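> Turn this into a structure:
(one chain, ligands or ions: 1)
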Amino acid sequence: MNSNAVFASAARIAAQVEKFGCRSAAILGSGWGAAASDAVPQFSIEYSDISEMGSPSVDGHAGRITVGLLDGSHILLFVGRRHLYEGVPQDAVAFPVAVCAELGVRSLLITNASGGIRADLQPGCLMAVTDHINLIQPPLLAGPHDPRWGARFPDMSKVYDAELLHLLHTAADAENIPLADGIYMAVPGPVFETPAEVNAFRAMGADVVGMSTAPEATLAHAAGIRVAAVSCITNAAACASGAIDHKEVLQRAADARPAMRQLLSAFWRGLVAAETT
Ligand code: HPA
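Numbering: from 1, shown residues only. Have a look, this model is predicted:
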C-alpha cells in the first residue's frame, strides 16, 4: 500500500465531510447498500471521482461515499467496497479506513455477504463477527511502517469491539431479529471454495467464509478505531447441495434486506445513545 497517497487523498475527502462531525462510519458490502436507507443522504460523492477508488466492478456494490442523517446524527457511509480480486491496488481497500482515521471516526461497522459453514448458519441468517481468520494476502500493512496506522506490530487479540458487539445484540433483540455470533474466514476469491476447502475451514474453526472484511477490520483496529462486523449468510458454502451463483447471493441478500435495515438503524440509535450517556 502507498500510505502517503492514500492519506493524501483521504484528507481531501475528509475536508469535504468534516463539517458533519461523523463519529460513526460503515462500509456496506454485497447487497447491504439499501439497508442504510433510513439514514437520509446529506452529501454524496462517487468512488469513480476518487482516484484511489475507481468504480466497483461487482454487481451488488454501488460505489459512493455518502453522509446519512439518522435521528440527528451523521454517519459516514461507504456504499459498496473494492476487493483485491478486482485487480485494484491495496490502496482502494485501505482508502475508506484512511478517511475514517483522518476524520477521527470512533466506530466502524463493516458488512458483508458470506457462505455458511456452521450447520445453523443457513441462507438468510445474520451473524455478528466475533473474530476472523485472514487468508487474504499480502497484508495491507506490509511495507514501510506508517504510524498513522498504529504500531508496527499491531495487537489483534480483540479486533471486534465488545461494546459494539453488545450493541448489535441489543439492537437485534429489540427488533426481534435473530443474530448469531461466529468466526469469519476471509479468502482472496474471486472463486468460491471447493468442498475440501470448506471442510478444512470448518476444522480450522471458521463458521462462515467470505472475500472481504478482514483486511479493513485489521487496518481500522490497528489505527485505533472500534470495529464491528455483520455478515448476511447468502448460501451454504460449497457442499454437495449444489453450485453457488452470485445472482443467488444477491437475491438472498435482497430477501434479508428488511432485517438488515432494522438491525442497522437500531444499532446506530443505540450507539448514539451509548455515546451521549
Ligand atoms: N464464499 C465466499 N464468499 C462468499 C460466499 C461464499 O460461499 N457467499 C457470499 N460471499
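> and the residue in the chain that the ligand sits nearest to, what helix or strand is that in?
Nearest residue of the chain to the ligand (CB to the nearest ligand atom) works out as residue 115 at 2.2 Å. Bear in mind the C-beta positions are built from the backbone N, C-alpha and C, glycine included. Per DSSP states H and E, residue 115 falls inside strand 107-116.
> next one: the helix ranked longest in the chain to chain centre, how far?
Longest helix of the chain, by residue count under DSSP state H: helix 257-276. Centroid displacement of helix 257-276 relative to its chain, using CA atoms, centre = their mean, to the nearest Å, is 15 Å.
> Which elements pack onto it?
strand 24-28, strand 64-70, strand 73-79, strand 107-116, strand 126-134, helix 162-174, strand 226-236 (3 or more CB pairs under 8 Å, 6 or more residues apart in numbering; DSSP states H and E).
> rerun that using 6 Å as the cut-off
Using 3 or more CB pairs under 6 Å, 6 or more residues apart in numbering; DSSP states H and E, the elements in contact with helix 257-276 are helix 162-174.
> quick one: the helix it packs on to helix 257-276, angle?
Compare the direction of helix 162-174 with that of helix 257-276 by axes from the mean of the first three to the mean of the last three CA atoms, to 10 degrees and you get 130 degrees.
> outside of the helix or strand just after helix 162-174, which residues touch it?
Downstream of helix 162-174, the next assigned helix or strand under DSSP H and E is strand 179-186. Contacts to strand 179-186, defined as CB atoms under 6 Å, 6 or more residues apart in numbering, come from residues 126-134, 136, 172, 201, 205-209, 214.
> Just the buried residues out of those residues, in PyMOL syntax.
Buried residues among those (16 or more other CB atoms under 10 Å), as a PyMOL selection:
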select buried, resi 126+127+128+129+130+131+132+134+136+172+201+206+207+208+209+214
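> Give me the contact list for stretch 212-221.
So stretch 212-221 is contacted by 27, 29, 83, 93-94, 97, 108, 110, 112, 132, 134, 136, 140, 159, 186, 227, 229 (CB under 6 Å, 6+ apart).
> mind saving the C-alpha coords of that stretch as CSV?
The C-alpha trace of stretch 212-221 is given here as CSV (Å, rounded to 0.1, in the frame of the first residue of the first chain):
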residue,chain,number,x,y,z
SER,A,212,-13.6,-9.2,2.3
THR,A,213,-13.8,-7.5,5.7
ALA,A,214,-10.7,-8.9,7.5
PRO,A,215,-8.3,-6.5,5.7
GLU,A,216,-10.4,-3.4,6.5
ALA,A,217,-11.1,-4.6,10.1
THR,A,218,-7.4,-5.3,10.7
LEU,A,219,-6.4,-1.8,9.5
ALA,A,220,-9.1,0.0,11.4
HIS,A,221,-8.4,-1.8,14.6
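> What parts of the stretch 51-200 of the chain come near the ligand?
113-115, 192-193 (CB under 6 Å from any ligand atom).
> returning to that earlier point: direction-wise, compare the longest helix of the chain with strand 226-236 and give the angle.
Going by the same axes, to 10 degrees, helix 257-276 makes 170 degrees with strand 226-236.
> If anything else comes up later, I'll come back, but that's it for now.
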